[in-house]
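>>> Sequence and computational prediction follow.
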Amino acid sequence: MLDERLTIEYVRRSKEGDTQAKEALIEHNVSLVKCIVKRYLGKGVDYDDLFQIACMGFLKAIAGFDESFGVKFSTYAVPMIAGEIKRFMRDDGSVKVSRAMKQTAKEMNAFIEAYTIERGVQPAISEIAKKFGMDEAETVFVMGSSKMPLSLYGSADRKDGKERELIETLPAADDQEDWLDRMLLRGAIDDLSERDKKIIVLRYFRDMTQSEVAEKIGVSQVQVSRIENRIIKEFREKLSG
């Protein structure tokens with residue numbers, strides 16, 4: 001990738017109609033685009049189609065970037081590219097469910113029912129993932145591919161006897177939005193207060209749940225959620241100008 005000074009120069013020239021500058025930006029940022037595209041593979045859209053859509057998002061990032069944002073161009077481009085892909089998938093209904101995924105979802109359904117009958121509680125996401133040999137993010141995606149009786153916002157017992165929502169068992173690192181937020185927040189952490197910095201580091205770089213962070217720093221899970229949302233909102237507002 002180009003250094004930031006040259007990147008900004010090419011962005012300026014691209015906006016002025018310099019085709020070669022625009023092509024240079026695309027060429028030197030292909031690895032970034034491909035990295036984002038890989039996060040959306042296996043969801044019913046061909047790689048080539050995803051890559052073209054991602055490139056459209058990249059071109060929009062060039063057109064919309066403003067140096068006064070005070071962020072690196074790549075930091076601004078990442079959510080623009082990912083947003084373009086997700087918009088296409090949502091608007092065009094392009095996330096297709098394969099027969100294999102439907103069968104796996106059916107098997108998960110049977111496992112959840114049997115587990116609940118036997119133990120009186122629904123299994124945690126981690127337990128379902130372990131049973132089917134998947135990571136937790138993939139498990140949630142498969143579960144969402146068909147109507148399942150398990151609600152991510154339902155409660156589940158922990159080994160310590162405490163209850164928490166199933167969604168709280170998902171580590172931040174496996175979520176698409178969390179992955180993007182990590183990239184966005186990495187460059188902003190130094191400006192945070194010590195408490196806010198600790199919360200973001202534990203959530204996005206140590207893969208701890210909000211409940212675990214709350215217990216570690218001595219506040220409620222609700223407070224952690226509010227602080228986290230505030231930090232992300234403030235940084236995104238900065239990005240959007």
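Perfect, I can see it now.
>>> wait, isn't residue 14 in contact with residue 62?
Yes. If you go by C-beta atoms under 8 Å, residue 14 and residue 62 touch, sitting 5.2 Å apart. Yep, even glycine has a C-beta here, placed from its N, CA and C like the rest.
>>> Name the residues contacting each of the two.
Residues touching both residue 14 and residue 62 (C-beta atoms under 8 Å, 6 or more residues apart in numbering): 22, 25.
>>> can you list the domain ranges for this protein.
4-91, 99-169, 172-240 (automatic domain parsing).
>>> which ones are touching residue 192?
200, 231.
>>> For residue 120, what are phi and psi?
phi 80, psi 0 (degrees, to the nearest 10).
>>> the bottom helix or strand of this structure by mean pLDDT?
Across the helices and strands of the chain, mean pLDDT, DSSP states H and E gives its lowest value to strand 155-157, namely a mean of 50.
>>> Neighbours of residue 117, how many?
Other residues within reach of residue 117, judged by other C-beta atoms under 10 Å, total 8.
>>> Just give me how far the one helix or strand residue 61 maps to sits from the chain centre.
Here residue 61 sits within helix 47-64, counting by DSSP states H and E. Computed by C-alpha atoms, centre = their mean, to the nearest Å, the chain-centroid distance of helix 47-64 equals 18 Å.
>>> quick one: the residue of the chain most remote from its centre and residue 111, what's the gap?
Each residue of the chain has a distance to the centre, and by C-alpha atoms, centre = their mean the biggest one is for residue 118: 34.2 Å. Noted for residue 118: a distance of 11 Å to residue 111, by C-beta to C-beta, to the nearest Å.
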